[in-house]
Structures are given as C-alpha cells and as structure tokens.
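In: Need coordinates for the following:
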Amino acid sequence: MTIAPKELKKDFLRELASIPGGEAAAYCFTCGACSGICPVSRASQGFDPRKIVHMVSLGLEEQLVAGEMIWECSQCESCLPVCPQEVAPAKVIAALREMARRRGLVTKERLFEWGKLAVVDPEHCVACLTCVRVCPFGAPRVVKDGYAVIDEKLCRACGICVIECPAQTIKLKKAPEETVGQFQDA
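Out: Now for the predicted structure:
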C-alpha cells in the first residue's frame with residue numbers, strides 16, 4: 001500500500017486525543033498483542049487493531065473515519081489487558097467512531113447495512129420492554145411515542161434483542177465477518 005503525503009493529516013493524532021479514549025494512541029509501538037488476542041481479527045481478514053492504531057499515528061484520517069473498518073470492532077475490550085503500553089485499542093476505535101459520528105460520516109442506515117446496528121420497526125413494536133430487559137448493553141429504550149428505539153452508540157449488534165423480541169420487530173443484518181467461509185484457521 002502506497003501512501004501519498006497529501007493523505008496524511010498532521011494534527012489527526014492530537015485531534016483524536018481530545019476525544020475520550022483516543023489520548024493514548026501515540027504510545028503504541030505496534031507490538032501486536034492486541035491483534036493476537038482480538039477475536040474479530042480471526043473472523044475478519046482485513047481487521048487488525050494494531051493497524052488501526054498505527055494508521056492513527058500516521059495521520060490516515062480519511063481512511064479511518066469514513067470507512068467501515070472501525071465498525072468491525074466488537075468492543076469486547078480483550079485488547080485492553082494485553083497492551084503493554086495501555087493504549088486500549090478498543091477505546092481508540094471508540095474515539096474514532098465518535099469522530100465519525102460528529103462529522104456525520106456514519107448514519108444509522110449505514111450501520112444497519114453493515115450489520116453493526118439492530119433496528120426496530122416502530123409500526124409493529126408493542127413496547128413490551130423485552131428488548132430493554134435482555135440487552136446487556138442498555139441500547140434499547142422505549143420512547144414516549146410507544147415503541148422501542150436502539151441507541152447506536154450502545155448497540156453491539158449481538159442479536160440478543162432480535163432473538164428475544166416476541167413481536168419479531170427488531171432486525172439485524174449479518175455482518176460480513178459472520179458469513180460462512182470467512183473464518184480463518186487459528
């Protein structure tokens with residue numbers, strides 16, 4: 001991969017450091033401990049938390065915040081305890097996601113299409129609160145109009161709400177890394 005100097009944003013690392021979770025990205029020395037423990041990197045050939053943090057250091061802003069790569073992370077935080085520099089790649093990725101949201105580069109529709117967000121059909125939701133009770137991340141809530149909505153910042157696309165919804169009104173597309181044939185041998 002060739003990187004043109006015009007693709008590099010010098011202040012990107014500093015800008016990301018102003019968002020909670022992004023402040024430690026500069027301390028990464030690309031040892032690969034995060035990549036070795038990451039379950040998503042085993043399932044998705046193009047995902048590598050080490051590469052993402054390195055891209056931040058290089059200033060490859062556009063490739064990160066405008067693309068799908070940062071949304072592949074499951075936010076399981078397996079990378080946190082193994083990082084010798086306490087970079088917390090999952091938190092750096094969460095900061096990148098927040099940056100993409102602030103810039104309007106990602107929509108709920110895009111996240112749904114990528115299989116990264118469950119959505120509720122408000123016309124058929126019976127507001128039974130099952131999704132609210134079963135979600136371990138607190139993503140669903142019932143709004144005053146009488147139907148559930150799912151907070152895209154909290155949804156981890158685990159599918160629990162989809163399975164448990166008695167009205168079968170919550171939908172979630174399969175993420176590319178969940179499709180058969182995508183898994184690599186360990």
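In: residues in contact with stretch 167-177?
Out: The contact list for stretch 167-177, computed with Cβ atoms under 8 Å, 6 or more residues apart in numbering, reads 40, 43-44, 47, 72, 112-121, 124-126, 128, 131, 148, 150, 157, 159, 161-162, 182. Placement of C-beta: from N, CA and C, glycine included.
In: for the chain, what spans make up the helices?
Out: 12-17, 33-37, 39-43, 49-58, 61-65, 89-102, 108-113, 130-134, 160-164 (DSSP state H).
In: what's the span of stretch 103-113 from first residue to last?
Out: End-to-end distance for stretch 103-113: 19 Å, by Cα to Cα, to the nearest Å.
In: same deal with stretch 8-21?
Out: Terminal-residue distance, stretch 8-21 (Cα to Cα): 21 Å.
In: Could I get the contacting residues of the spatially most central residue of the chain?
Out: The chain has Trp71 as the residue nearest its centroid, 3.4 Å off, counting by Cα atoms, centre = their mean. Trp71 makes contact with Arg97, Val106, Leu111, Trp114, Lys116 under the criterion Cβ under 8 Å, 6+ apart.
In: Looks like the second one contacts Ala100 (just checking).
Out: What it means is Val106. Yes - here Val106 reaches Ala100: they are 4.7 Å apart, a contact under Cβ atoms under 8 Å.
In: okay, now the domains of this structure?
Out: 5-105, 109-173 (automatic domain parsing).
In: With mean pLDDT as extra columns, can I get these in CSV?
Out: As requested, these are arranged in CSV below (pLDDT from 0 to 100):
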stretch, mean pLDDT
domain 5-105, 91
domain 109-173, 96
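In: measure Ala118 to Leu13 for me?
Out: 33 Å (Cβ to Cβ, to the nearest Å).
In: Settle it for me: which of the two has more neighbours?
Out: Ala118 (27 against 17; other Cβ atoms under 10 Å).
In: picking up where we left off before, quick one: the helices of the chain as JSON lines, columns for distance to Lys174 too.
Out: Output for the helices of the chain, formatted as JSON lines (distance: least, Cβ to Cβ, whole Å):
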{"stretch": "helix 12-17", "distance to Lys174": "30"}
{"stretch": "helix 33-37", "distance to Lys174": "24"}
{"stretch": "helix 39-43", "distance to Lys174": "12"}
{"stretch": "helix 49-58", "distance to Lys174": "22"}
{"stretch": "helix 61-65", "distance to Lys174": "24"}
{"stretch": "helix 89-102", "distance to Lys174": "20"}
{"stretch": "helix 108-113", "distance to Lys174": "11"}
{"stretch": "helix 130-134", "distance to Lys174": "19"}
{"stretch": "helix 160-164", "distance to Lys174": "11"}
